[in-house]
Each structure stands twice: as C-alpha cells, then as structure tokens.
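Enquirer: Quick one: sequence plus predicted model below, questions after.
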Amino acid sequence: MSGLRSVEEQRALVLAEAQPLPSETVALAHAHGRTLREPLRARVDIPVFDNSAMDGFAVHFADVQDASPDAPVRLRVVADLPAGTALDPALAPGEAARIMTGSPMPTDADAIVPFEDTEGGLADSLGEVVVVRAPARPGLHVRRRGEDAVVGDEILGAGTLLGGLQLGAAAAAGIAAVVVSPRPRVAVVSTGSELVAPGEPLVHGQIPESNSELLAGLVAEAGGEVVLRRSVPDDGDGPVAAISAAAARGAHVVIFTGGVSAGAYEVVKNTLADTMEFSRIAMQPGKPQGFGTTAEGVLLFGLPGNPVSAAVSFDVFVRPALLALQGRSDLDRARLRLPAAIGWRTPPGRRQYLPAAIDRSDPGRWTVAPATGGGSASHLAGGLARAEAYAIVPAETDAVAAGDLVDVMLIS
Ligand code: AMP
Ligand code: MG
C-alpha cells in the first residue's frame, strides 16, 4: 500500500527520543522489576569459604581411602561443626570432625564422608565414627571458595531486568544496593465521547472504557508507573489539559488512545497537530499512529482506539520506548517460529500482528492459532484476553495455511 511508513522506521523515530532516564541507587529489597544500570560486581567470593556440601564428617582422605564394608575405618570425632561455626579444629591423623552442609571445612581436612557412608549415620556421630565407604577422591563433597565467583567478578551486566534470580545472586555476592533505572512515569489518557467507566450503566451508543485498564497493566508489566489516568471526550481540548496534568505529576510519557485516525472527531489529532506527527504505518492493526515530544521532552504516543490496535501498538512502539528509558539492553520480545494450527487471511500490503494462542500440549511441537474467532479484526477486545503472542505475518503474504511456519512474538 503506498504512502505507508514501515514499522521499523516509526520505531526508530520513537527510539531516537527515548534516552535512558538518570539512574538511582536503591536497596535490593526495592529493586525487583527495575533495570540494572551499572554492572554488578561480587563483593564477596561465592562460596565465601571452603565448605561441606553434605552432612557427615570432615576427614583426612589418607585415613579413609581404603575403607570398605569389609575393612571399616574407625575415626575419633573431636569436634562438631554446625552451620555458622567459627571453629577450625585441628585434626590429627585418625581424627574427624562432624560437619553439617555449609559449615566451613577445617583447614586440616581434605575430604567429606557423608553420613550415608558410615555405619551408624547420624546416630553414632559424636565420639567415634565407623567409615564403611571411601570417598572416591580428595576434595569430594567440598565446595571450594570462589568456585562460582570471586570478588570483583561481574555477576550481571548493565541493562539487565532484575527478577528474583538476579536479586538472589546479588545478595549472595554481598551486595546491598544497586544502581537502577527509575520507573518511567506514564499517563494514560483515553479519548472518546462514547466511553463510560466499566460497570456503569450504558445508554445506547456508549461502551465501557477499557483501554486505560489495558494500558495501565501493560505499562506496569514493562516496568513503568502509571501516574495519571484520564478519559476525555471528543470535543474540547482534553488532550492538551491532560498533558499539563501529566507534566505536573512528573510524567515521562503520555499515551493517548483513540482520536488519531481519519474520522471527523479525532480529538488527539485535532488538538495536538503542532506537537505530534500523525502517520500511517504498514501494519494491521495499528495503521494510524501519532508520536511526538513536548518542549520538556515528554514522549507523546497517539495510539488508535480499538483495543486490539492499542495493545499491538503498545507492544510495537511504546514498550520498546519504556524499556529504552530504563536502559534495558534488550528491547525485543522473545520470538519463535511455529506451525499454524489452522489457516487465516491476512491484510494485503501491511504486516499483520495477529493476537494468537499457542497450543503447548505437545512440548515438542507447539502450534499457533488466532486467539480471536474473528481473526485479526481490531475491535475484538474480549478475545484479546486469550492472546499469549502476536503472530507476525509479512506484508507480502496474503494468507496463512495450516502447517505454515509463522513468526510468533511471545507476550506472556
Ligand atoms: P478511535 O480510534 O477513536 O476511532 O476508536 C476506534 C474504536 O475503538 C471505536 O469503536 C471506539 O469506540 C473504540 N475505543 C476507542 N477508545 C476506547 C477505549 N478507551 N476503550 C474501549 N474502546 C475504545
Ligand atoms: Mg474515538
């Protein structure tokens, strides 16, 4: 279709304006969901000291290397080492220390005999121990200091999203606070004189306003913080006032939905023509898009109002911008190539982003199918709830047949 801008070009225009926000230092307990902005370096070795990987006995390997059920070896137990002990008992030949998992290895010992390899196990573990199986080699069941990381090693690179695994690693590395991005502050503004709050009685012509729920959720999932929600009618200068209100709350981003296409009452287009550029993009849904920045550098997005269009537009343009503001190193969703379970039609001349469900019942062969019965129509807001992905079909493709391999962008 002529006169349409490519998705890549629009995305590049957006990302050129989305520079990382100034970073801040926060305690680990407040860092979940934030993006790391400086590499994380270990402040202690992991493990911190040589320690036992088993409950059992710290021994001289030479004492027990010939132990067997027929030739058990008796050792004197001269110390008990629970986790947290500061003891480092001397062990003469023929002596052992009872030791628990994670307790520091005595300097004199070079092997661990687990309870399972002794005659009495835990029961006869103080006083004397009878070893009935030799450890295969010295050092067995000993976790060495620094074998995972040593002081100064990079644990995580800048641009990483901090989840539970990452925060656990940071804590294990002796780190108490991290340099992260602030959450981008986002205003969500719905436009449309037909919209009423969800649950309110509807007179003919009215519909529940759903985009602000949709977008507030997607903003939070992308690490942003919603600082303003507002619904404005199709007449008046609601969008202009909304930008002022958003700026007063320190917003970095304002997302409008509706009022950007070619109808008679396009309130975003009509009131913000000086601040935003309104373009037609070679995608379906999501053809009409508005984007701009205020003099203060607030990013303004004008997404089409159909809920599916708004959702797709968010994922293609707004989410990457929110991640870029946070300094995230990877702005893209994970992609897979999956066979289509059924066929569907695609729009001519525009790249299709089809809300899709993935059948994962065969782990070796996932398949993808439209999430909405009506295909890719952009008004099917209910079916959107079943989408786990967007199937991305190139502009040149007219139809997808069952079995065709399709690019799939995972969103859950
Ligand atoms: P628009 O882009 O303003 O022309 O809106 C396109 C379609 O999306 C119309 O059917 C609107 O009623 C619907 N729509 C627009 N905004 C919302 C919203 N916030 N919640 C639910 N539907 C909306
Ligand atoms: Mg509208």
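Expert: Structure received. Ligands and ions are numbered 1, 2, ... in the order given.
Enquirer: Specify the beta-bridge partners of residue 279.
Expert: As for beta bridges, residue 279 partners with residue 289 under DSSP bridges.
Enquirer: That one touches residue 289, doesn't it?
Expert: Yes - taking contacts as CB atoms under 8 Å, residue 279 lies within contact range of residue 289: 5.5 Å. (Each C-beta comes from the backbone N, C-alpha and C, glycine too.)
Enquirer: Looking at the two, which has the bigger crowd around it?
Expert: residue 289 (27 against 18; other CB atoms under 10 Å).
Enquirer: that older thread, which residues do residue 279 and residue 289 both contact?
Expert: residue 10 (CB atoms under 8 Å, 6 or more residues apart in numbering).
Enquirer: Please report phi then psi for the residue of the stretch 201-350 of the chain found nearest ligand 2.
Expert: With CB to the ion, the shortest gap between the stretch 201-350 of the chain and ligand 2 falls at residue 258, namely 3.6 Å. Main-chain torsions, residue 258, degrees, to the nearest 10: phi 80, psi 170.
Enquirer: Ok, residue 314 next?
Expert: phi -60, psi -50.
Enquirer: And for it, nearest residue in space, chain neighbours not counted?
Expert: Nearest residue to residue 314, sequence neighbours excluded (CB to CB, 6 or more residues apart in numbering): residue 218, at 5.1 Å.
Enquirer: before we move on, the earlier item: just list the residues touching the residue of the stretch 201-350 of the chain closest to ligand 2, thanks.
Expert: 190-192, 211, 267-268, 304-305.
Enquirer: As a markdown table, these with neighbour count would be great.
Expert: Below are the contacts of residue 258 laid out as a markdown table (neighbours: other CB atoms under 10 Å):
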| residue | neighbour count |
| --- | --- |
| 190 | 25 |
| 191 | 28 |
| 192 | 20 |
| 211 | 28 |
| 267 | 23 |
| 268 | 30 |
| 304 | 24 |
| 305 | 24 |
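Enquirer: now, which of those lie within helices?
Expert: The members of the contacts of residue 258 that map onto helices under DSSP state H are 211, 267-268.
Enquirer: near ligand 2, which of the contacts of residue 258 show up?
Expert: 192, 305 (CB under 5 Å from the ion).
Enquirer: Enumerate every residue touching the closest residue to residue 258 other than its chain neighbours.
Expert: Nearest in space to residue 258, with sequence neighbours left out and distances taken as CB to CB, 6+ apart, is residue 305 at 2.9 Å. Residues near residue 305 by CB under 8 Å, 6+ apart: 190-192, 211, 257-261.
Enquirer: Let's see that with 7 Å instead.
Expert: Taking CB atoms under 7 Å, 6 or more residues apart in numbering, we find residue 305 in contact with 192, 211, 257-259.
Enquirer: same deal with residue 210?
Expert: Each residue near residue 210 by CB under 7 Å, 6+ apart is listed here: 198, 307, 381.
Enquirer: List phi and psi for the second one.
Expert: Just to be clear, that refers to residue 307. Residue torsions, per degrees, to the nearest 10, at residue 307 are phi -60, psi -40.
Enquirer: Let me know whether residue 353 touches residue 283 as I believe.
Expert: Yes - here residue 353 reaches residue 283: they are 6.2 Å apart, a contact under CB atoms under 7 Å.
Enquirer: what is in contact with these two at once?
Expert: Counting by CB under 7 Å, 6+ apart, no residue touches both residue 353 and residue 283.
Enquirer: Which two among the contacts of residue 305 are spaced furthest apart?
Expert: Pairwise distances across the contacts of residue 305 (CB to CB) peak at 11.4 Å, for the pair 211 and 259.
Enquirer: where exactly do the helices run in the stretch 251-400 of the chain?
Expert: 267-271, 307-313, 319-325 (DSSP state H, counting those that start in this stretch).
Enquirer: As JSON lines, those helices with mean pLDDT would be great.
Expert: Listed next are the helices of the stretch 251-400 of the chain as JSON lines, based on pLDDT from 0 to 100:
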{"stretch": "helix 267-271", "mean pLDDT": "97"}
{"stretch": "helix 307-313", "mean pLDDT": "96"}
{"stretch": "helix 319-325", "mean pLDDT": "99"}
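Enquirer: So for residue 101, which of those sits nearest?
Expert: helix 319-325 (40.3 Å).
Enquirer: can you pull out the strands in the stretch 251-400 of the chain?
Expert: Using DSSP state E, counting those that start in this stretch, the strands of the stretch 251-400 of the chain run over residues 253-257, 276-280, 283-284, 288-293, 299-303, 335-339, 344-345, 351-359, 367-370, 389-393, 399-400.
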